[in-house]
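J.: Could you work out the structure for the sequence below:
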Amino acid sequence: MLIKREISDHVIKMAEEYPVLTIMGPRQSGKTTLAKILFPSYQYVNLEEPDFREFAQTQPRDFLNNFSENLIIDEIQRVPNLLSYIQAITDANKKMGQFILTGSHQPEIKAGISQSLAGRTALITLFPLSINELNSERLFFERDEYIFCGFMPRIYGENVDPIHLYQNYYATYVERDVRQLINVGNQILFERFMKLLAGRIGQIVNLNSLSGDVGVSQTTLTSWLSVLEASYIIFRLPCYSSNFRKRAVKTPKLYFTDVGLATNLLGIESSQQVFRDPLFGNLFENMIVMEAVKTLYNKGKLPKLYFFRNQNGLEVDLIFNKGRDIIPVEIKAGATFDLSFTKNIKLFKKLSEEIQNGYVVYGGDKQVKVDNADFIGFRDFSSIL
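T.: Just a heads-up that it's a prediction; the model follows:
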């Protein structure tokens with residue numbers, strides 16, 4: 001079953017305006033499928049295949065001449081020197097939408113683009129499926145099923161078991177990609193690190209504490225975190241910076257790009273176990289924060305999203321801007337709305353006149369308006385963005 005991706009219209013529009021499209025995102029998020037569906041007449045080559053990769057590395061000009069002008073190149077980060085040759089072709093032909101590139105590691109692609117394809121490519125980020133995309137296909141699930149299953153397309157399109165998928169995903173992609181990018185001397189320590197990260201989702205990560213728990217230096221952990229973020233395994237939400245008189249905490253909060261991987265690393269084996277897990281609220285928050293990220297990227301917008309916490313302990317889970325207005329969002333996993341959920345929004349509004357009434361996204365489905373915030377069900381959350 002193919003699920004239509006919300007980003008499709010934006011991708012088509014960019015192909016009409018740029019000679020190259022670069023689609024980035026986590027492995028298995030559907031980048032290749034999206035490219036093939038939207039550009040069915042294009043030839044296709046995957047640089048993960050050793051023979052194609054060697055050909056592209058040793059004879060890049062002949063490699064590109066072997067294909068037609070319209071070409072999808074998968075995992076372009078494996079042979080970044082191809083970008084210079086693609087630049088020469090697009091400059092000569094001046095044709096829009098000639099190349100569709102995909103990649104799953106940001107720094108290598110972005111470095112190559114800044115050197116060779118600046119101004120010639122549209123950067124597009126594709127994350128796993130969103131709740132809205134599933135709803136559009138009339139695939140409706142309960143709150144805990146979403147958290148347990150995660151949002152990788154194969155789970156819904158091919159009916160793959162989530163436990164097996166994320167176990168294989170971790171072994172095949174997470175560990176392999178990390179080994180390619182950094183020297184992980186002890187895989188057992190790295191796996192312990194990943195499981196400890198899953199236990200800290202929705203939190204500000206204390207590297208000193210984490211270093212002691214894992215048994216490696218803070219410098220090593222900083223490197224590992226950077227690679228995981230660059231490979232779209234984790235997402236770090238920055239703290240809102242403003243002129244508010246109360247000094248804000250600067251360290252970002254950590255989430256997994258796909259909540260299903262975090263659930264798997266925590267050892268949760270069914271949707272029935274989700275609600276009973278001590279991290280249930282954190283897992284729900286992870287899902288909602290990433291829904292906001294996906295929604296904005298799918299619209300072709302950069303996700304200017306934040307949280308807020310000051311040294312007096314006031315915290316708001318999520319913040320976004322509408323023009324000059326600051327919109328606070330509290331995230332509560334409970335299926336029943338409670339007026340006490342708006343407490344932090346009321347306090348937050350006192351800090352600036354630019355802060356408007358906010359929202360409480362909760363685990364139920366009713367919409368209720370109160371003085372300082374609107375309660376909105378998690379399935380409808382994307383509508384406020």
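
J.: which helix in this protein runs the most residues?
T.: With secondary structure taken from DSSP state H, the chain has its longest helix at helix 280-298.

J.: could you give me the average pLDDT of it?
T.: Helix 280-298 shows a mean pLDDT of 98 in the predicted model.

J.: likewise stretch 176-191?
T.: 74.

J.: so how far is the first residue of it from its last?
T.: End-to-end distance of stretch 176-191 (Cα to Cα, to the nearest Å): 12 Å.

J.: same deal with stretch 138-152?
T.: First residue to last in stretch 138-152 (Cα to Cα) measures 17 Å.

J.: Tell me who's in contact with the most centrally placed residue in the chain.
T.: Residue closest to the mean C-alpha point of the chain, counted by Cα atoms, centre = their mean, is Thr257 at 4.3 Å. Each residue near Thr257 by Cβ atoms under 8 Å, 6 or more residues apart in numbering is listed here: Pro26, Phe127, Pro128, Tyr232, Ile233, Ile234, Phe235, Met290. To be clear about C-beta, it is placed using only N, CA and C from the backbone, and glycine gets the same treatment.

J.: How confident was the prediction at it?
T.: 97.

J.: measure it to Lys299 for me?
T.: Distance, Thr257 to Lys299, using Cβ to Cβ, to the nearest Å: 18 Å.

J.: Likewise for Ile23?
T.: 15 Å.

J.: quick one, which of the two is more surrounded?
T.: Set Ile23 next to Lys299 and count neighbours by other Cβ atoms under 10 Å: Ile23 wins out with 27 against 14.

J.: For the more buried one, give the beta-bridge partners.
T.: Ile23 has these beta-bridge partners by DSSP bridges: Thr102, Ile124.

J.: doesn't Ile163 make contact with Glu269?
T.: Yes: the criterion here is Cβ atoms under 8 Å, and Glu269 meets it with Ile163 at 6.6 Å.

J.: quick one: which of these two has more around it?
T.: A direct count of neighbours by other Cβ under 10 Å for Glu269 and Ile163 places Ile163 higher, at 16 against 12.

J.: so who does the more buried one touch?
T.: Counting by Cβ under 8 Å, 6+ apart, Ile163 touches Asn264, Glu269.

J.: hmm, try it at 10 Å
T.: Phe148, Cys149, Gly260, Thr263, Asn264, Ile268, Glu269, Ser270 (Cβ atoms under 10 Å, 6 or more residues apart in numbering).

J.: so the fifth one touches Ala171, yeah?
T.: Spelled out, it's Asn264. No: with contact defined as Cβ atoms under 10 Å, Asn264 does not count as touching Ala171 (11.3 Å).

J.: Nice, that's everything, thank you.
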